[in-house]
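Asker: 3D model of this:
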Amino acid sequence: MLTVSELKEGQKASIAVRVAGKRQIPTRSYGKTILEVRCEDSSGPLLLKWFHAPRGMEARFTTGAQLIATGLVKRYMGRSEIIHPEINWGVSIGSADGAATSAGQPHVGRMIPIYTEIEGIQSRTLRKIQWEAVEKFAETLTEDLPEVFLQKHGLPKLAESIRKIHFPPDNTVSTEDLVNFKTPFHQRLVYEEFFKFEYLILKQRLKMERENAQAFGQHGGLAVLRDSESKLPFQLTGGQKTALREILEDLAQPHPMNRLIQGDVGSGKTAVAFLAAGCVLAEGAQAALMAPTEILAEQHVKTARRLFGGRLNTALLTGKTPADERLELFRRLEGGEPLLLIGTHALLEDPVVFANLGLVMIDEQHRFGVEQRRTLRKKGSHLNPDGLSRLPHSLILTATPIPRTLALTAYGDLAVTSITELPPGRTPVQTRLVRENADRLRAYEHIGKELANGRQAYFIFPLVNESEAEGFTQLKSVIVEAERLGKEVFPEFTVGILHGQMKSDEKACVMARFQANEIQILVSTTVVEVGVDVPNSSIIAIEHAERFGLSQLHQLRGRVGRGQHLSYCYLLTSSRTGEVANQRLDILEETTDGFRISEADLEIRGPGEFIGTRQAGALPFRLANLVRDRDWLLKARDDASTLLKEDADLINKEHASLLRYFTREGQLHLERLKTS
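Answerer: Numbers count the residues shown, from 1 in each chain. Purely as a prediction, here's the structure:
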């Protein structure tokens, strides 16, 4: 414990002192006073203050009384003082150094936890509650983890970990390790969270592998796929070939594929998915591809027809599909026609019935909820000729690369394929951060030159109109800025508007005009984040870039650089942008590698950005952190995998406690975390 002379302004400290005197200073508030208590130790004086002190409080501070004061140290007129300190009474002060002795007490003589106050309950009160709970019940805690894994990593038991995290033993752990969750006691609890999670997620994956599915590739589908591949207007990259091989290996098995294929913007995931669908259709089954927006669904249909012509039987279903076309499409599906149905949430509607759905594909799955994905898969569940339930194969596509630690957790029940290279001819987008007005003018000048050379540009804004600002009046909107850009900045070019509040046919008309270069500048919200493919566009300018996530900015940047022209991304932001926002934008300016960006985004923003609209919610870790504790995640996953191989059903005696845990509450965690 510190002495008074060692106190520094701004630090939170505990100090053992004796009362030397006191006084009450009246205030203008009726009946209220400032209580000022003069204390000291052998090294100097310390002043304790309470504003509006309750009546009678001063009586406890008798001259010579010994106490320990805890609080934030301030300096006033050359002396140290603590305002509204926490007080522990009757503690002896060592004559040599002022050290307090308080064996068996929760508040003094030790490193103490500072709990967040809950609805006015002081940290001291919470600490006392924790002390009594630990003293009475720590030893009654059930040890769920197998002893062999605790010994393998040299981890303490649960009861000891709980006790020593709340009330660390003197001189055995450093304050730095406690603050950074690096003590063996923290690591033991982190490991347990990861272990239980990974066991559940891997068991779900094992269960899926034991389900039944129709195998594809042995009855003509593979030959059709190879023929389609040979007729593509480009050669598959090495990454695409690897991804296709892994998918075909899964499709050839009599149990459901559950694979995630991730790749950077423009890496060619869709072409691989369509080739796989062609294999399924060639053997008499049906396939479905669900996209989060009508624009993306329509883009997929156009891509399929452009790449495969009539070799891939494709149909589109969205909210704007006419009633007569819908009825005809439903008839074709129920009749068992081998068909790839591409659509939006409309695929989930009850009238959509598949006779033989063999492959389900979901694009940008984080944009859908868990129940929505399950609903689509259930449309392919049926009995096979042997009377056994059969599920469709499942392929997830994402252009938001997922950090490895998140892939092992939020998507741990999926096999993961990564396409890390871009097709030949794709040039990296030049990214420039624009903070000052002078830089903005230079950016406008360059954009004008690109437009004059026949190129096109996107301008992205966070709001549709100013009425959405709700206090953020400094934010620019699509409606206002489209008019300004068209009249004041680029009057010689045609400006179009696109946002989510427009009707479907209005959006389609605008996109058609933009693709035909009848519109040179498209002013939009993030509705163009995915699926928009206009190769002639070489510029994207993103206003208020600091308000978007790194992954979203990377997706938006992917709207350009899709043709033969060198492309540019301008990140427009304020010179007053905060340090964290600047850190994020600097990363985007430095690299176009989506995998590096995703890792940085995870470290800066946490996993919520990647999990997105998962209806099950965020990952259920109370103590574990995917960035800080990634090494323990890998250890826990390896151990959970070992346990599943040796005793998947936990029937061995030494696993009885873990079985009781999963029977009691572990299943609830699993239901929250299913990705399929």
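
Asker: any figure for the gap between Arg326 and Leu347?
Answerer: Separation of Arg326 from Leu347 (Cβ to Cβ, to the nearest Å): 12 Å. Bear in mind the C-beta positions are built from the backbone N, C-alpha and C, glycine included.

Asker: determine the residues that are contacts of both of those two.
Answerer: Common contacts of Arg326 and Leu347 (Cβ atoms under 8 Å, 6 or more residues apart in numbering): Leu317.

Asker: quick one: which of those two has more around it?
Answerer: For Arg326 and Leu347, the more surrounded residue by other Cβ atoms under 10 Å is Leu347, and the numbers stand at 23 against 15.

Asker: for the residue nearest to that one when sequence neighbours are not counted, give me its contacts.
Answerer: In space, and not counting its chain neighbours, Leu347 is closest to Met290: 5.1 Å by Cβ to Cβ, 6 or more residues apart in numbering. Applying Cβ under 8 Å, 6+ apart to Met290 gives the contacts Gly343, Thr344, His345, Leu347, Leu348, Val360, Met361, Ile362, Asp363, Phe368, Leu376.

Asker: neighbours of the last one, how many?
Answerer: By the criterion of other Cβ under 10 Å, Leu376 has 24 neighbours.

Asker: cool, and Ser123?
Answerer: By other Cβ under 10 Å, 17 other residues sit near Ser123.

Asker: kindly report the same for Thr142.
Answerer: Number of residues near Thr142 (other Cβ under 10 Å) recorded here: 11.

Asker: sorry, back to before: which ones among the contacts of Met290 map onto strands?
Answerer: Gly343, Val360, Met361, Ile362, Asp363 (DSSP state E).

Asker: and of those residues, the nearest to Lys32?
Answerer: Ile362 (63.8 Å; Cβ to Cβ).

Asker: ok so, going back, can you turn the buried part of the contacts of Met290 into a PyMOL selection?
Answerer: In PyMOL syntax, the buried subset of the contacts of Met290 is picked out as below (16 or more other Cβ atoms under 10 Å):
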select buried, resi 343+344+345+347+348+360+361+362+363+368+376
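
Asker: out of the contacts of Met290, which is nearest to Trp89?
Answerer: Closest approach to Trp89 among these (Cβ to Cβ): Phe368, at 59.3 Å.

Asker: packing partners of the longest helix along the chain?
Answerer: Counting by DSSP state H, the longest helix found in the chain is helix 184-209. Applying 3 or more Cβ pairs under 8 Å, 6 or more residues apart in numbering; DSSP states H and E, one finds that helix 184-209 contacts helix 147-153, helix 158-166, helix 630-647, helix 667-673.

Asker: make TSV out of the ones in strands among the contacts of Met290 and add distance to Gly309.
Answerer: Compiled in TSV, these are given as follows (distance: Cβ to Cβ, whole Å):
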residue	distance to Gly309
Gly343	21
Val360	24
Met361	20
Ile362	25
Asp363	22
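
Asker: quick one, strands of the stretch 1-150 of the chain?
Answerer: In the stretch 1-150 of the chain, the strands defined using DSSP state E, counting those that start in this stretch lie at 12-26, 33-41, 44-53, 66-76, 79-83, 86-89.

Asker: quick revisit: got the angle between the longest helix of the chain and helix 630-647?
Answerer: Per axes from the mean of the first three to the mean of the last three Cα atoms, to 10 degrees, the angle that helix 184-209 makes with helix 630-647 is 50 degrees.

Asker: got the angle for helix 184-209 vs helix 158-166?
Answerer: 130 degrees.

Asker: and Val352, that one's in a strand?
Answerer: No. Per DSSP: H, G, I helix; E, B strand; the rest coil, Val352 lies outside any strand segment and is coil.

Asker: domains of the chain?
Answerer: 4-109, 112-172, 221-419, 430-591 (automatic domain parsing).

Asker: and the ones you listed, which is most packed in?
Answerer: Highest mean neighbour count among these (mean count of other Cβ atoms under 10 Å): domain 221-419, with a mean of 19.

Asker: figure out how far that domain is from the centre of its chain.
Answerer: Put simply, domain 221-419 sits 24 Å off its chain's centre (Cα atoms, centre = their mean, to the nearest Å).

Asker: what mean pLDDT does that domain have?
Answerer: The average of the pLDDT scores along domain 221-419 is 88.

Asker: residues near Asp177, how many?
Answerer: By the other Cβ under 10 Å criterion, the neighbourhood of Asp177 contains 15 residues.

Asker: thinking again about what came up before, wait, which of the strands of the stretch 1-150 of the chain is closest to Ser381?
Answerer: Of all those, strand 12-26 sits nearest to Ser381, with 58.9 Å by Cβ to Cβ.

Asker: tell me what that closest one is packed against?
Answerer: On a contact count with 3+ Cβ pairs under 8 Å, 6+ apart, strand 12-26 meets strand 33-41, strand 44-53, strand 66-76.

Asker: try 6 Å this time
Answerer: Helices and strands touching strand 12-26, by 3 or more Cβ pairs under 6 Å, 6 or more residues apart in numbering; DSSP states H and E, are strand 33-41, strand 66-76.

Asker: okay, these in JSON lines with distance to Ser267 and mean pLDDT next?
Answerer: Below are these laid out as JSON lines (distance: least, Cβ to Cβ, whole Å; pLDDT from 0 to 100):
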{"stretch": "strand 33-41", "distance to Ser267": "67", "mean pLDDT": "92"}
{"stretch": "strand 66-76", "distance to Ser267": "53", "mean pLDDT": "89"}
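
Asker: could those strands go into CSV alongside distance to Arg305?
Answerer: Converted to CSV, these look like this (distance: least, Cβ to Cβ, whole Å):
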stretch, distance to Arg305
strand 33-41, 80
strand 66-76, 68
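
Asker: all strands of the stretch 501-650 of the chain, in order?
Answerer: Using DSSP E, counting those that start in this stretch, strands in the stretch 501-650 of the chain cover 521-524, 537-543, 568-572.

Asker: just put these in CSV and tack on mean pLDDT and distance to Gln130.
Answerer: As requested, the strands of the stretch 501-650 of the chain are exported to CSV (pLDDT from 0 to 100; distance: least, Cβ to Cβ, whole Å):
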stretch, mean pLDDT, distance to Gln130
strand 521-524, 96, 52
strand 537-543, 95, 47
strand 568-572, 95, 46
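
Asker: Pro168 versus Asn625, what's the distance?
Answerer: Distance of Asn625 to Pro168, given as Cβ to Cβ: 20 Å.

Asker: figure out which of the helices and strands packed on helix 184-209 is closest to Thr237.
Answerer: Smallest distance to Thr237 across these (Cβ to Cβ): 29.1 Å, for helix 630-647.

Asker: which strands and helices sit next to the closest one?
Answerer: If you count contacts as 3+ Cβ pairs under 6 Å, 6+ apart, helix 630-647 packs onto helix 184-209.

Asker: same for the following helix or strand past the helix it packs on, what does it pack against?
Answerer: Using DSSP states H and E, the helix or strand that follows helix 184-209 in sequence is helix 221-230. If you count contacts as 3+ Cβ pairs under 6 Å, 6+ apart, helix 221-230 packs onto helix 269-282.

Asker: what does the helix it packs on contact?
Answerer: By Cβ atoms under 6 Å, 6 or more residues apart in numbering, the surrounding residues in contact with helix 269-282 are 216-217, 220-221, 224-225, 228, 240, 243-244, 247, 261, 263, 287, 303-304, 312, 338, 340, 358-359, 361, 397.

Asker: surely Asn536 meets Gly454?
Answerer: No. The pair Asn536 / Gly454 is not scored as a contact, 7.4 Å apart, by Cβ atoms under 6 Å.

Asker: for Ser575, phi and psi?
Answerer: As for Ser575, its main-chain torsions (degrees, to the nearest 10) stand at phi -70, psi -10.

Asker: excluding covalently adjacent residues, which one is nearest to it?
Answerer: Arg435 (4.7 Å).

Asker: so how far is Leu572 from that neighbour?
Answerer: 8 Å.

Asker: who does Ile342 bridge with?
Answerer: On the basis of DSSP bridges, Ile342 takes part in beta bridges with Leu289, Leu316.
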